[in-house]
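**Q** Predicted coordinates and the sequence they were generated for:
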Amino acid sequence: MDFTLLLDILGVIAFSISGVLTSLRKRMDAFGILIIAFVTSIGGGTIRDVLIGNQVMWMREMTYVYVIIVTAILAVIFRKKLSYLRKSLFLFDTLGIGLYTVVGVEKGISAGLPPIICVAIGTISACFGGVIRDILCNEIPEIFKKEIYATACILGGLSYFVMLKLNFPEGLIFLLSGLVVILVRLAAVIFKISLPTIYKKDENIEDYW
Amino acid sequence: MDFTLLLDILGVIAFSISGVLTSLRKRMDAFGILIIAFVTSIGGGTIRDVLIGNQVMWMREMTYVYVIIVTAILAVIFRKKLSYLRKSLFLFDTLGIGLYTVVGVEKGISAGLPPIICVAIGTISACFGGVIRDILCNEIPEIFKKEIYATACILGGLSYFVMLKLNFPEGLIFLLSGLVVILVRLAAVIFKISLPTIYKKDENIEDYW
Amino acid sequence: MDFTLLLDILGVIAFSISGVLTSLRKRMDAFGILIIAFVTSIGGGTIRDVLIGNQVMWMREMTYVYVIIVTAILAVIFRKKLSYLRKSLFLFDTLGIGLYTVVGVEKGISAGLPPIICVAIGTISACFGGVIRDILCNEIPEIFKKEIYATACILGGLSYFVMLKLNFPEGLIFLLSGLVVILVRLAAVIFKISLPTIYKKDENIEDYW
């Protein structure tokens, strides 16, 4: 349990800092930065809980709020140094989406939802904080254009149900399916793998339409 | 019942394809295209269900998910040919908003909401999938700038309550108010009717402010 | 009670007109203008109610709907004259956010949420109508870039809990914490106070990254 909490906090820290960086680029004021940090960290979980009909998680659990506020303040103060943390931040972020995917899948299962929907819920939990961040900053959400990010979550979620079918023990499924997300994402970035493009060179959909 | 399901599926197909087209224009990757197709198809119904406090419809009913995935894949593969389907797509889309408006109105009535609110819920069900699609693609929502689209839904919703007042039988109200949406929309596009502009030539609100 | 209702209606009027002005700038059609007026007025309260899990307030209380529709129509017709109302609109808007903040805080308390979360809920109630307005109009939300707006709400919300701790009578807390929001906002605009910028001259976050 403590181990999960640690991963969760590392994930929240990484997500908050990514929010701070995006909002600094848009020259937002102190309040705007805090809101974007907040929304990036808890947006995915909030949509998950509203869709399922659960109590929204950050409303009772103050740890998130404190971690986000402290992270945002420190990130703004030490913003010149953040690039030294680039690799750690990437690692925390990756741990975070691994954890959030699996937690999302399990909340879907608890609500009695079908497997594909649980995978969707897990992916939304992990990815939609960043989507809201980009919408608020008036950009096309990054995950729709770049990198194996959501794909890692989907693969992790699917592996959860494969292992469930094979009667793996619960704790192991949690661990291994989280690892699938993390390894796919690490491999994608390290080996510069991306989804095969569906566009031909110079192809323009307007030409057909 | 089967007839309603058929209309529903035609609507979902039309909405998915419109999502695919918008996301292809933005050169999104395969995952982004799927998400936009999904959100265009089920976004309006999701907002409706969250506002009313119902269980979100696509979480238990897998038909939507399968239809959207298959449609999105086929639409990407055959994207060069989609323009041949232009008229069919327009027709499916129009059938879809007719159906969604009436279903939305009836869900509002079941929840005991006042008539104007039910009309608003019906319109939201039919239109807000497209609104979310445009926000995610970083554009001003199309329905705020173009065409009699939402207006058709509002008129259909109002006609529902007029017929209810006149004690029409339930099935007939369902059918006729859906037809109002469809005919208003068809007439608007065929005869190029749009809302009368409220702007004078070269008028600029900044001039008064 | 009647006094609160009056403030509420003045706030809704100010919010609707700000929605009309933004949508006129984007040259939206009549329907788009109405939707933006609506969303600006009731967006914050809707997010508040969905997050807490309450019945969404405007679905049962028709006063809002009527006030918004009439205001939007009048604002469009008399749009050339709106600049004469500039000061009144600013005052109504300020009264509105004062009221919405305190009402939001109290709804949070009724739901048994911790104080910081209640302050967040109050701020969201007052500010997020404008955020949704700006997202739908494809702009970076104004409150993230300008003025002491959300900060006034946060200070008002905090003062609520300070007075609660000091055992002030309930009605007085309601009044005084609303006043804190209003006075901070008025002072900020009259004396041109803004949050101290966190950016150095010509600073660009990309330079560090």
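**A** Sure, I can see it. Every value quoted in this text rests on a predicted model; they were computed, and no experiment measured them. Numbers count the residues shown, from 1 in each chain, chains lettered A, B, ... in the order given.
**Q** Verify the stated contact: A:Lys107 with A:Ala120.
**A** No: using C-beta atoms under 8 Å, A:Lys107 is not in contact with A:Ala120, being 12.0 Å away. Every residue, glycine included, has its C-beta placed from N, CA and C.
**Q** ok, those two, which is more surrounded?
**A** Applying other C-beta atoms under 10 Å in any protein chain shown to A:Lys107 and A:Ala120 shows that A:Ala120 carries more neighbours, namely 25 against 21.
**Q** List the residues that contact the more buried one.
**A** Listed by C-beta atoms under 8 Å, 6 or more residues apart in numbering or on different chains, the contact set of A:Ala120 reads A:Gly157, B:Val65.
**Q** Is there proximity between the lowest-mean-pLDDT helix or strand in chain A and chain C?
**A** Across the helices and strands of chain A, the lowest-confidence element by mean pLDDT, DSSP states H and E is helix A:2-25, at a mean of 85. Yes: shown here: helix A:2-25 in contact with chain C (C-beta under 8 Å from any C-beta of the partner chain) through A:Leu21, A:Ser23, A:Leu24, A:Arg25.
**Q** touching chain C at all, stretch A:34-44?
**A** Yes: interface with chain C: stretch A:34-44 contributes A:Ile35, A:Ile36 (C-beta under 8 Å from any C-beta).
**Q** in chain A, what residue is nearest chain C?
**A** Proximity of chain A to chain C (C-beta to the nearest C-beta) peaks at A:Gly32, 3.0 Å away.
**Q** Secondary structure element for that residue, which one?
**A** Assigned by DSSP states H and E, A:Gly32 belongs to helix A:30-52.
**Q** related to what we said a few turns ago, in PyMOL, how would I select the buried members of the residues of helix A:2-25 next to chain C?
**A** To isolate the buried members of the residues of helix A:2-25 next to chain C in PyMOL, using 16 or more other C-beta atoms under 10 Å in any protein chain shown:
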select buried, chain A and resi 21+23+24
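**Q** Looking at the residues of helix A:2-25 next to chain C, which one is closest to B:Gly96?
**A** A:Ser23 (37.9 Å; C-beta to C-beta).
**Q** low-scoring pLDDT stretches of chain A, where are they?
**A** Flagging of chain A using pLDDT under 70 yields the residue ranges A:1-2, A:146-147, A:195, A:201-202, A:205-209.
**Q** Run through the residues of it sitting next to chain B.
**A** With C-beta under 8 Å from any C-beta as the criterion, chain A meets chain B at residues A:50-53, A:113-114, A:116-117, A:120, A:131, A:135, A:138-141, A:143-146, A:150-151, A:154, A:194-199, A:205-206, A:208-209.
**Q** got the contact list for the residue in chain A positioned nearest to chain B?
**A** Distances between chain A and chain B by C-beta to the nearest C-beta are smallest at A:Phe144, namely 3.0 Å. Applying C-beta under 8 Å, 6+ apart, we find A:Phe144 in contact with B:Ser23, B:Lys26, B:Met28, B:Asp29, B:Phe31, B:Gly32, B:Ile35, B:Ile36, B:Leu136.
**Q** Around the closest residue to the fifth one other than its chain neighbours, how many other residues sit close by?
**A** Spelled out, it's B:Phe31. Among residues not flanking B:Phe31 along the chain, A:Ala150 sits closest, at 5.0 Å (C-beta to C-beta, 6 or more residues apart in numbering or on different chains). If you count neighbours by other C-beta under 10 Å, A:Ala150 ends up with 25.
**Q** Work out for me the element the residue nearest to the spatial centre of chain A sits within.
**A** In chain A, the centroid-proximal residue (C-alpha atoms, centre = their mean) is A:Ala126; its distance is 3.1 Å. Using DSSP H and E, A:Ala126 sits in helix A:115-136.
**Q** Pull the CA coordinates from that helix and hand them back as CSV.
**A** Output of helix A:115-136 as CSV, limited to C-alpha atoms (Å, rounded to 0.1, in the frame of the first residue of the first chain):
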residue,chain,number,x,y,z
PRO,A,115,-13.4,-5.3,-20.0
ILE,A,116,-13.0,-3.0,-23.0
ILE,A,117,-14.7,-0.2,-21.1
CYS,A,118,-12.3,-0.8,-18.2
VAL,A,119,-9.4,-0.5,-20.5
ALA,A,120,-10.8,2.8,-21.8
ILE,A,121,-11.3,4.0,-18.2
GLY,A,122,-7.7,3.2,-17.4
THR,A,123,-6.4,5.0,-20.4
ILE,A,124,-8.6,8.0,-19.7
SER,A,125,-7.3,8.1,-16.1
ALA,A,126,-3.7,8.2,-17.2
CYS,A,127,-4.0,10.4,-20.3
PHE,A,128,-6.9,12.9,-19.9
GLY,A,129,-5.2,15.2,-17.3
GLY,A,130,-2.8,16.1,-20.1
VAL,A,131,-5.6,16.5,-22.6
ILE,A,132,-7.4,19.1,-20.3
ARG,A,133,-4.0,20.8,-19.7
ASP,A,134,-3.6,21.3,-23.5
ILE,A,135,-7.2,22.4,-24.1
LEU,A,136,-6.9,25.0,-21.3
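**Q** In terms of secondary structure, what does whichever helix or strand comes after that helix contact?
**A** Next helix or strand after helix A:115-136 toward the C-terminus (DSSP H and E): helix A:150-165. Helix A:150-165 sits against helix A:86-110, helix A:115-136, helix A:170-190, helix B:30-52, with contacts defined as 3 or more C-beta pairs under 8 Å, 6 or more residues apart in numbering or on different chains; DSSP states H and E.
**Q** I'd say the residue nearest to B:Phe31 and A:Gly122 touch.
**A** No: A:Ala150 lies out of contact with A:Gly122 (C-beta under 8 Å); the separation is 10.3 Å.
**Q** any chance of the helices and strands packed on helix A:150-165 in a markdown table, with distance to C:Met59 too?
**A** Formatted as a markdown table, the helices and strands packed on helix A:150-165 follow (distance: least, C-beta to C-beta, whole Å):
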| stretch | distance to C:Met59 |
| --- | --- |
| helix A:86-110 | 27 |
| helix A:115-136 | 24 |
| helix A:170-190 | 39 |
| helix B:30-52 | 7 |
